[in-house]
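Asker: sharing a model that was predicted from the sequence below.
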Amino acid sequence: MVNCCSAPGLLPFEQAMEDMLALISPVQESEEVTIEQAQNRILAQDIVSPVNVPPHNNSAMDGYAFALSSLENSTTLTLAGRSMAGSPFSGVCQQGQCIRIMTGAKMPVGCDTVEMQENCQVDGNNIHFLEKRKLGDNVRKAGEDIQKNQTVLQKGQRLTAIDLGLLASLGVAKISVIRKLKVALISTGDELKKPGQILTEGDIFESNSYFLRGLLAKLNIEVIDFGIIEDDRNAIEKAFKKADKLADAVISSGGVSVGDADYTKEVLDELGNISFWKIAMKPGKPFAFGKLPHSVFFGLPGNPVSALVTAHQLALPALIKMQNARSYKRITVKVKTATDLKKSPGRLDFQRGILSINEQGETIVNSTGSQGSGILSSVGKANCYIVLPSCQGKVKAGETVTVELFDQYLQ
Ligand code: AMP
Ligand code: MG
């Protein structure tokens, strides 16, 4: 897919995505885990229900169960027993009789309808029914939630908290999931210091590995943090070689742009088959991707916003494919921008925006302000990207733009 609006010499974003995904092979190995351990894991099997849920017809109300035909000739029935949740009525309810029943309790044999207690008058063992009922009122049918042999969850699904409850409701205690991915994080740059360390002149605090760790945690990926690697050829080579042996994927930040003084590119070129792209996207032009001997490599730009956006837009879909998980569609909507947006044609822009509802009740988007690739605070305030296509020039307030909502990985 070639986007003719991309500036000359730059790789269209869609092309970069396609080339990258084509080189990713999903992990196949699976392991068995208990459902308590399964949140956010990727199902390696379809889940077929072994039971009906609920397993039996039961009452939706606290009240009285009876055969509707019993109320044809009389509005009073004789109380003949009780059915409680977990301790059902063991006899047969005869014509003219009713059974005291609680929510969730099994429907007694001979009963097909329930009246709630608020609509009954109790006079010893005589129960007066004050309203007319229809057959099956207030009865939950066996299998009305899930039927036996129904496929409830599918291979490749990422399991949510709700799914765990669903699995429990089927009586499923253990499931097969894809093994966890391991990702090595490497931050390169002599100027970087960890928070808590003292900055000397020209230093900055390293921030990329912190949000990357957070993003990866949301994907349930195990992180091996190599910390900050100094700009020394041997140190860089040693770190990349070790990371490649230990992890399924290696993510580095910094050192991939043209004119970088460090040895990252030199070492990577020697170790693997890495393409150093200039992608027609903003932020995030420099991005490296390819294969090391045992792992896949993503080289993010050093600027924090560029690192974040390329990690989210490019590395995440690749890691999701590697996890053998189903891809997901990000949600986009078309809304009016309340602010002018600076833009020159040539690159696909992911500007940071705040989607909100104005006083007239219209959904609108505002820019977070300065869109510099070092301004991480602009992402913190945002709840969406304003996605402006390559061909687009500047946008005036009041024009319609496409907005992509921040997904669960950015929240
Ligand atoms: P580079 O891509 O190495 O040329 O880095 C571009 C800019 O990003 C420079 O200003 C770096 O200091 C900064 N940078 C690189 N890595 C990090 C990091 N891990 N955290 C914060 N800033 C970084
Ligand atoms: Mg650098």
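Answerer: Everything's here; your move. It should be emphasised that the depicted structure is a prediction, and the values quoted were computed from it without experimental measurement. Ligands and ions are numbered 1, 2, ... in the order given.
Asker: what does the stretch 301-411 of the chain have sitting close to ligand 2?
Answerer: residue 302 (CB under 5 Å from the ion). All C-beta spots, glycine's among them, are computed from the backbone N, C-alpha and C.
Asker: gap between the closest residue to ligand 2 within the stretch 301-411 of the chain and residue 108?
Answerer: Residue of the stretch 301-411 of the chain nearest ligand 2, by CB to the ion: residue 302 (4.9 Å). Distance, residue 302 to residue 108, using CB to CB, to the nearest Å: 71 Å.
Asker: do residue 14 as well
Answerer: Distance from residue 14 to residue 108, by CB to CB: 63 Å.
Asker: quick check: closest non-adjacent residue to the residue of the stretch 201-350 of the chain found nearest ligand 2.
Answerer: The stretch 201-350 of the chain approaches ligand 2 most closely through residue 254 (3.9 Å), counting by CB to the ion. Nearest-residue entry for residue 254: residue 302, 3.3 Å, with adjacent residues in sequence omitted and distances by CB to CB, 6 or more residues apart in numbering.
Asker: the residue of the stretch 101-250 of the chain found nearest ligand 1: neighbour count?
Answerer: Shortest the stretch 101-250 of the chain-to-ligand 1 distance, computed as CB to the nearest ligand atom: residue-wise this is residue 208, at 3.4 Å. For residue 208, the count of nearby residues is 26 (other CB atoms under 10 Å).
Asker: find the helix or strand that residue 350 is a member of.
Answerer: strand 348-357 (DSSP states H and E).
Asker: give the next helix or strand downstream of that strand.
Answerer: Following strand 348-357 toward the C-terminus (DSSP H and E): strand 363-367.
Asker: which strands border that following strand, and is each parallel or antiparallel?
Answerer: With DSSP bridges as the test, strand 363-367 is paired with strand 332-337 (parallel), strand 348-357 (antiparallel).
Asker: what comes up buried for it?
Answerer: 364-367 (16 or more other CB atoms under 10 Å).
Asker: could I get stretch 98-107 in CSV with only the CA atoms?
Answerer: Presented in CSV, the C-alpha positions along stretch 98-107 are these (Å, rounded to 0.1, in the frame of the first residue of the first chain):
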residue,chain,number,x,y,z
CYS,A,98,-48.0,-23.7,45.6
ILE,A,99,-44.4,-23.7,46.9
ARG,A,100,-42.6,-21.0,48.8
ILE,A,101,-39.6,-20.2,46.5
MET,A,102,-36.5,-18.0,46.8
THR,A,103,-34.5,-16.3,44.0
GLY,A,104,-32.2,-18.8,42.3
ALA,A,105,-34.0,-21.8,43.8
LYS,A,106,-34.8,-24.7,41.5
MET,A,107,-38.4,-24.8,40.1
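Asker: from the chain's centre, how far out does that stretch sit?
Answerer: Remark: stretch 98-107 is offset 40 Å from the chain centroid, using CA atoms, centre = their mean, to the nearest Å.
Asker: for the residue of the stretch 201-350 of the chain closest to ligand 2, give its distance to residue 187.
Answerer: 6 Å.
Asker: now for those two: what residues contact both?
Answerer: residue 208 (CB atoms under 8 Å, 6 or more residues apart in numbering).
Asker: fine by me, thanks again.
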